[in-house]
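[1] Fold the following for me, if possible:
(one chain, ligands or ions: 1)
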Amino acid sequence: MKLMTTIICSTLMISLSHAQQRGIVNNTDSPHAILKSIDIGDCQWTDGFWADKYQLCEEVMVPHMGTLLKGDIGHAYNNFKIAAGLKKGRAKGMWWHDGDFYKWMESAMYVYANSKDDKIIEEFDEIIDVIGKAQADDGYLSTPVMTRGVKRWSKVTHHELYNSGHLLTSACIHHRVTGKTNFLAIAIKHADYLYSVFKPQKEELARFGFNPSQIMGLAELYRTTKDKKYLELAEIFINMRGSVPVKEHPTVPYFFIGDQCQMRTPLRKETKAVGHAVLGMYLYSGAADVCAETGEKALMDALDRIWSDVVSKKMYITGALGQVHHGASGRYDMVHEAFQEDYMMPNATAYNETCGNVANAMFNWRMLGLKGESKYADIMELVLYNSALVGISDDGTHYFYANPLRMNHGTRDYSDTESAARESYIECFCCPPNLVRTIAKVSGWAYSLSSNGVAVNLYGGNRLDTKLLDGSKIQLTQDTRYPWDGAVKITMQECKEAPFEMMVRIPAWAQGSKIRLNGKEAGVEAKPGTYATIERKWKKGDVVALDMPMDITLVEGHPRIEEVRNQAAITRGPVVYCIETPDLPDNTGILDVYLPADVKLKAHYRQQFLGGLTTLSGNVLLRSDKKEGMYRTMTKPEWKTVDTTFIPYYAWCNRGQSEMTVWMPIVWE
Ligand SMILES: [Zn+2]
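    Here you go, the predicted structure:
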């Protein structure tokens, strides 16, 4: 028995030494994760949609954002220099601006993983040196608090732990990509400080960490260092939520109590998504990371309940989250940038913060690892093509913070975060680097590793060069014009001789998909909403061909969504379309646009238009009779029929300020 144990242990050691440890979320050793991450850089885009977006990200988005944040517009690097005593003044920008800078650093690390451009490392050594000098001797680090004469841990809205979380995550990614420990050392010193402050779980600190990127950051630091106290601290931050009475407190403004911060109900007892959408999705994402390590059933059950609530009652057709800027929860708490009641889905006033949308993909990426079910990858994909990508312009330099599904001018006032057109800089800069780091890392989400094989999560021209969990080498290529075309060809370039599985995701919308292997029926069902699994002895040159019908579909909402009754949206594959005023006659108001129910839509790929995309052509009805007043006597409308073009929602507002809608009222003949 002892001998057997020794053999098993040494086998495990060998298997671990081969296994991936450099994933975006490094769940390789997580005992309760079914699908494991590939290493950062193992998948590279080669051609097509994501190759184009990634190229723009590498050449424009990341460098441009670096210029903003290192200069006097963004001021984030200046803030570190001030805290380090290298510059005079006080930190400018929002309390969470350090976190925005770390997110930009993280995105540059994903670029480095592909480009291996040493200039990035040289610059980062200098930046990390400044960050190290800014860090207090005891490990504390948050430049606004350090330079504005404010007491540590005096107000939750100072976002100290949000900055912490992005520091830990960014440092872990830096270590995984470069092997260097200079940034990681700062993160460890900081996390040790946090452990000393929060481990005692003092009542007066129980409301901190409400924008909880620190839970995800601590989980990654645990995975990087294997030091269990970081996992313990991650759990403490989950346990703290809802552990104290919901009432005003010197550390919390009155509008940040209760459901707004997911603090009225402890997470394990929660049945639905409530409050601030980003706070919520970060909490659920962090809890999913903890679940991957502990397998705790109560926590997992809560995440299952919340996932179903979000996806079936609170999510927009674009995958966006956060129906309102200001409102109230069903349990009478004020909420902001938040989830609302079931099926309450306003379009023009939807908040849908880019961070909330991106966090939806982050949560689903973690749930995919935990459960191995394709429905989570479906949501990741929905978000990526629609509610994430809409947050940045086609030239990669202008940003949306809020992402409504309809824009009709003159009906609302705009806040700092809601704007009629994309902005070159947003004072509250959380969203742009969150999106850019996501675009930079999509290739790391494209594949996962199963216990004996590989899962194909996302489609796009790419090359995968990685190792299966048993350490055997696998290389394959993917050729496709997806999402504009539904044909995907996966070619095995190198693999082990023994049988293993390839899991091929069939999106839930892809009814009638077919899979062939080396030109013949693959013998597996291409059931929408599942992974079709082909298990066999693979050899070099084997070709899996997936064919997904790219039908143009009119979609309606659940009848309880009042805001879309008798309206339709248009989808093709994973892409949601919209109609925008540059494609309509001059002076057309978007509220005058109606869609004939029998509209005939045709798809056209246009290489030179808005970064290269597929438009749809068809006709709409424009209502030309004008009426006044809040309520009017109904008469038969006067219609004008016009031929027009529908563009992907993500591409709107790249031709100047415009009006736009995803949902259009239907006219039945
Ligand atoms: Zn944001």
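[2] so what's V564 scoring on pLDDT?
    With respect to pLDDT, V564 scores 98.
[3] quick one: pLDDT of the residue of the stretch 251-400 of the chain at minimum distance from the ion?
    The stretch 251-400 of the chain approaches the ion most closely through C355 (3.0 Å), counting by Cβ to the ion. The C-beta positions use only the backbone N, C-alpha and C, and glycine is treated the same way. Predicted confidence (pLDDT) at C355: the value is 98.
[4] For burial, what's the neighbour tally of it?
    29 (other Cβ atoms under 10 Å).
[5] Counting by contacts, list what the helix or strand encompassing it packs against.
    According to DSSP states H and E, C355 maps onto helix 354-371. Packing partners of helix 354-371 (3 or more Cβ pairs under 8 Å, 6 or more residues apart in numbering; DSSP states H and E): helix 277-294, helix 297-309, helix 374-382, helix 431-445.
[6] Export these as CSV, with columns for mean neighbour count, distance to the ion and mean pLDDT.
    Converted to CSV, the helices and strands packed on helix 354-371 look like this (neighbours: other Cβ atoms under 10 Å; distance: least, Cβ to the ion, whole Å; pLDDT from 0 to 100):
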stretch, mean neighbour count, distance to the ion, mean pLDDT
helix 277-294, 26, 6, 98
helix 297-309, 17, 20, 98
helix 374-382, 24, 18, 98
helix 431-445, 27, 3, 98
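[7] rewinding a little: show me the contacts for the residue of the stretch 251-400 of the chain closest to the ion.
    V278, C430, C431, N434 (Cβ atoms under 8 Å, 6 or more residues apart in numbering).
[8] T438: what's its closest spatial neighbour, skipping adjacent residues?
    V358 (5.2 Å; Cβ to Cβ, 6 or more residues apart in numbering).
[9] got the contact list for the one you found?
    Counting by Cβ under 8 Å, 6+ apart, V358 has contacts V383, A388, G391, C431, N434, L435, T438.
[10] The fifth one and T67, how far apart?
    Right, the one you point to is N434. 18 Å (Cβ to Cβ, to the nearest Å).
[11] Just the pLDDT for the residue nearest to T438.
    For V358, the pLDDT comes out at 98.
[12] quick revisit: now the helices and strands packed on helix 354-371 as a markdown table including distance to S30?
    Formatted as a markdown table, the helices and strands packed on helix 354-371 follow (distance: least, Cβ to Cβ, whole Å):
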| stretch | distance to S30 |
| --- | --- |
| helix 277-294 | 4 |
| helix 297-309 | 13 |
| helix 374-382 | 16 |
| helix 431-445 | 16 |
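[13] okay, now D42: neighbour count?
    23.
[14] That one is in contact with R463, isn't it?
    No - applying Cβ atoms under 8 Å as the test, D42 and R463 come out as separate, 9.3 Å apart.
[15] Tell me the backbone dihedrals of I490, please.
    Torsion angles at I490 (phi, psi; degrees, to the nearest 10) stand at phi -110, psi 120.
[16] ranges for the strands of the stretch 551-669 of the chain?
    552-555, 567-572, 575-580, 593-596, 602-606, 613-623, 639-648, 660-661, 664-667 (DSSP state E, counting those that start in this stretch).
[17] what residues are up against D598?
    E669.
[18] Would you quantify the distance from it to G618?
    On the measure of Cβ to Cβ, D598 and G618 end up 10 Å apart.
[19] same question, A522
    Taken as Cβ to Cβ, the span from A522 to G618 is 35 Å.
[20] same deal with E535?
    Per Cβ to Cβ, E535 is found 43 Å from G618.
[21] Neighbour count: those two, which is higher?
    Using other Cβ under 10 Å as the criterion, E535 and G618 rank with G618 on top: 17 against 13.
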